[in-house]
Structure formats: C-alpha cells, structure tokens
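Engineer: Give me the fold of what follows.
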Amino acid sequence: MKELFSISCRSSRDDDAHSLFSWNPQGNFLAVASSGFSGTQIVDRQGEKIDEVPAICGSGGDNVAISWDSCGANLAVLQESNSVVSFWNESSQEVTFFDTNLRDPSFMKWSKFESILAIGTLKGNLLLYNHVTKRRIPIMGKHPGKIVSGVWNSYNQLVLVSEDGSLTVSNVAGDTLNQVNLTKTLSEISFVPCGKKGNELQQANDNILCGISDGASLS
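Structural biologist: Model prediction:
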C-alpha cells in the first residue's frame, strides 16, 4: 500500500487528539477535523490544503461529525455543544450556516440519494433537513436516549441506534418503519460491503448491519 500523504493531528493538550476523517464520494477531497488544530481542513489527494471550515466561536468543543452529501458538493460540519451546522460548498468554496435549534446534537449523516441531512441529539430527538428546499422535519423522542450512530440504506431509509440499545428504521419523512431492541449497545454501525472487485469494495449489502460494541465488531 502506497502512502499518499500524512497529516499531523497532534494536540497541545495532555490527552490524545480527537480526530475525524471523511473522503468525499469522488475521493479527491479529504475533510480532517481534530482537536489538535482549529477548524476543519479540506485537502486534496496530495495532502495540499484547499480550504478550511472555521470553528464556530463559543462552541468550546470538538467536532461531533463531518459528512459529505451524496454528490460531494457540500460538506457538513457539526460541533459539540453547538446547534449550528456549517456547510462548505465545493464549487464556491464558501461557508454557510444552518441553525438546527437543537440542544446537544450527537450525530449527523447525509442521505445517499438526496440533499437530506439527519441530525440526532443526546436526548434522542431527530431533525431531517432538506438542504435544497430548506424544509425541516423535527421528530421528538425518536429514541429514549442519546443517538450514537446511524446510516442511510439504498432504499433511502435511515437506521439509527441509541445508547439504550434500541434500533430504528425510518423513512425520509421521519416515520418509524421498524424498531428492535438490541442485546448490546453499539457505538458505530454501517452496512457490510458485498465484496471486492479488484481492490475496490462493492455496494454495501443492506441486509447485513455491522456494529461496534465495547471495541468488538458485531454483525
């Protein structure tokens, strides 16, 4: 495996740096957020800095999530203890802001097919925001506890897990289609890739969900 570049995320604090990384769908831009530096950096495949999404003043926390939309046109950045989402547009390289009016957001993920952003909170509330039409759909009490992770499937349905061990499947309107209680609490979930074609992973299998619990992977 050939190394393309490296980025130092060293923190000036005593604890280890908390870092997030996310490639855009085309694989030509990498977003990097770390407690080791201010803001979210966007670099190209050679590691050259293209732009930066500045940290929101007064947030006082690390980034909760960074997420590219399905076409790689917009990067969303969510900071800890802040209700505002920052949007970086790849074409204009401008930053705009959206106030979710949510307290303590804990999760954020774009849909795979539409410009719909899902944002969850520590209290289990959910907001679905259409970045094109500006329509927002708030869903109170989607989960009884903190929404810790989620993923959109190929049917444009949102799968969420919370710290109480519950899992929900919802449509783009926020309606709950299915709900189950898990035997373990998961900290991260994703769909399992179907296999490989050469060195590339193929489309994920929506019938197999993989999660991480206490450092161990489950599926």
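
Engineer: C-alpha from now on. contacts and neighbour counts both.
Structural biologist: Will do.

Engineer: Buried residues, stretch 79-93. List them.
Structural biologist: Buried residues in stretch 79-93, counted by 16 or more other C-alpha atoms under 10 Å: 79-88, 90.

Engineer: Which two of the residues you listed have the greatest separation?
Structural biologist: For these, with distances taken as C-alpha to C-alpha, the pair at the greatest spread is Ser81 and Glu90 (26.0 Å).

Engineer: follow-up on the earlier one: reformat the buried residues of stretch 79-93 as JSON lines; add distance to His143.
Structural biologist: Output for those, formatted as JSON lines (distance: C-alpha to C-alpha, whole Å):
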{"residue": "Gln79", "distance to His143": "21"}
{"residue": "Glu80", "distance to His143": "20"}
{"residue": "Ser81", "distance to His143": "19"}
{"residue": "Asn82", "distance to His143": "20"}
{"residue": "Ser83", "distance to His143": "19"}
{"residue": "Val84", "distance to His143": "22"}
{"residue": "Val85", "distance to His143": "22"}
{"residue": "Ser86", "distance to His143": "25"}
{"residue": "Phe87", "distance to His143": "26"}
{"residue": "Trp88", "distance to His143": "29"}
{"residue": "Glu90", "distance to His143": "34"}
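
Engineer: Throw the residues you listed into JSON lines and include secondary structure and distance to Gly174, thanks.
Structural biologist: Shown next, in JSON lines, are these (DSSP: H, G, I helix; E, B strand; the rest coil; distance: C-alpha to C-alpha, whole Å):
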{"residue": "Gln79", "secondary structure": "strand", "distance to Gly174": "23"}
{"residue": "Glu80", "secondary structure": "coil", "distance to Gly174": "24"}
{"residue": "Ser81", "secondary structure": "coil", "distance to Gly174": "24"}
{"residue": "Asn82", "secondary structure": "coil", "distance to Gly174": "23"}
{"residue": "Ser83", "secondary structure": "coil", "distance to Gly174": "20"}
{"residue": "Val84", "secondary structure": "strand", "distance to Gly174": "21"}
{"residue": "Val85", "secondary structure": "strand", "distance to Gly174": "20"}
{"residue": "Ser86", "secondary structure": "strand", "distance to Gly174": "23"}
{"residue": "Phe87", "secondary structure": "strand", "distance to Gly174": "22"}
{"residue": "Trp88", "secondary structure": "strand", "distance to Gly174": "25"}
{"residue": "Glu90", "secondary structure": "coil", "distance to Gly174": "28"}
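
Engineer: Sort these by pLDDT and name the bottom one.
Structural biologist: Ranked by pLDDT, those bottom out at Ser81, which scores 84.

Engineer: Chain neighbours aside, what residue packs nearest to that residue?
Structural biologist: Computed as C-alpha to C-alpha, 6 or more residues apart in numbering, the closest residue to Ser81 that is not its neighbour in sequence is Asp104, at 5.0 Å.

Engineer: what sits against the closest residue to Ala76 other than its chain neighbours?
Structural biologist: Nearest residue to Ala76 in three dimensions, chain neighbours excluded: Phe87, at 4.7 Å (C-alpha to C-alpha, 6+ apart). Residues in contact with Phe87 (C-alpha atoms under 8 Å, 6 or more residues apart in numbering) are 74-77, 95-98.

Engineer: Tally up the residues packed near the closest residue to Ser34 other than its chain neighbours, please.
Structural biologist: Nearest non-adjacent residue to Ser34, counting by C-alpha to C-alpha, 6+ apart: Ser19, 4.1 Å away. Neighbour count for Ser19, taken as other C-alpha atoms under 10 Å: 18.
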